[in-house]
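Enquirer: following is a predicted model, sequence given first.
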Amino acid sequence: MRFSDILIPAIIAFILLCGAVKRVNITEEFAAGAGENLKTAVAILPSLILLMTSVGMFIASGAADCIADIISPLISFLGFPKECVSLALIRPVSGSGALAALENIFSYVSPDSYPGRVASVLMSSTETTFYTITVYSGALKKKPDSRIFIAAAAADLTGFVLSSLTVRLFFG
């Protein structure tokens, strides 16, 4: 038996035990928490639908490929593979769209090739930052400050550049 097989049941038992010691009605608290989460999900649903629709239209229109063609001279100079540009454009916005872009990359380059490795590192070391900002802003019902988007874009750009540098450093 592995430690991970025991961990989750132990955490659940600990929570139940703490609730029993503090004499908390766990069923009512669970139902209240589930109700709050449902309200939050309903509140952010319009933003998520807009985001998913926009990403789908961006991919289907071929705009990602067009942008990749336009900026390919600059990214080639930086050592970033052209094959990974669509992934870099989609990753900050959509995790599922990024997985589709990664699968598309692997359909015509080997995962062991330089572009395949860069795509793998990029996918695993970056986050869906704009998606996350949208979800949190919707949940808090606040308009995000523009500085949040600047910081997120800088973090994403850093992840993109360092993904290619990391592959060159370790697989040179």
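Expert: Arrived safely, thanks for sending. Owing to the predicted nature of the structure, the values given are computational and were not obtained by experimental measurement.
Enquirer: tell me the contacts of the most centrally placed residue in the chain?
Expert: In the chain, the C-alpha nearest the mean C-alpha coordinate belongs to residue 128, at 2.9 Å (CA atoms, centre = their mean). By CB atoms under 8 Å, 6 or more residues apart in numbering, the residues touching residue 128 are 91-95, 98. All C-beta atoms are positioned from the backbone trio N, CA, C, and that covers glycine.
Enquirer: try it again with 6 Å
Expert: residue 95 (CB atoms under 6 Å, 6 or more residues apart in numbering).
Enquirer: what about the residue lying closest to residue 143 once chain neighbours are set aside, which helix or strand?
Expert: Closest residue to residue 143 apart from its sequence neighbours, by CB to CB, 6 or more residues apart in numbering: residue 137 at 6.7 Å. Residue 137 is part of helix 129-140 when elements are defined by DSSP states H and E.
Enquirer: same question for residue 155.
Expert: Assessed by DSSP H and E, residue 155 sits inside helix 146-171.
Enquirer: now do the residue nearest to residue 143 against residue 44, distance only.
Expert: Distance of residue 137 to residue 44, computed by CB to CB, to the nearest Å: 9 Å.
Enquirer: now the nearest residue to residue 104 once chain neighbours are set aside: phi and psi?
Expert: Setting aside the residues directly before and after it, residue 104 is nearest to residue 86 in space (CB to CB, 6+ apart), at 7.4 Å. Phi and psi for residue 86, reported as degrees, to the nearest 10, are phi -60, psi -40.
Enquirer: in contact with residue 86, which residues?
Expert: 64, 68, 101.
Enquirer: one more time with 10 Å, if that's ok
Expert: Counting by CB atoms under 10 Å, 6 or more residues apart in numbering, residue 86 touches 58-59, 62-65, 67-68, 97-98, 100-102, 104-105, 119.
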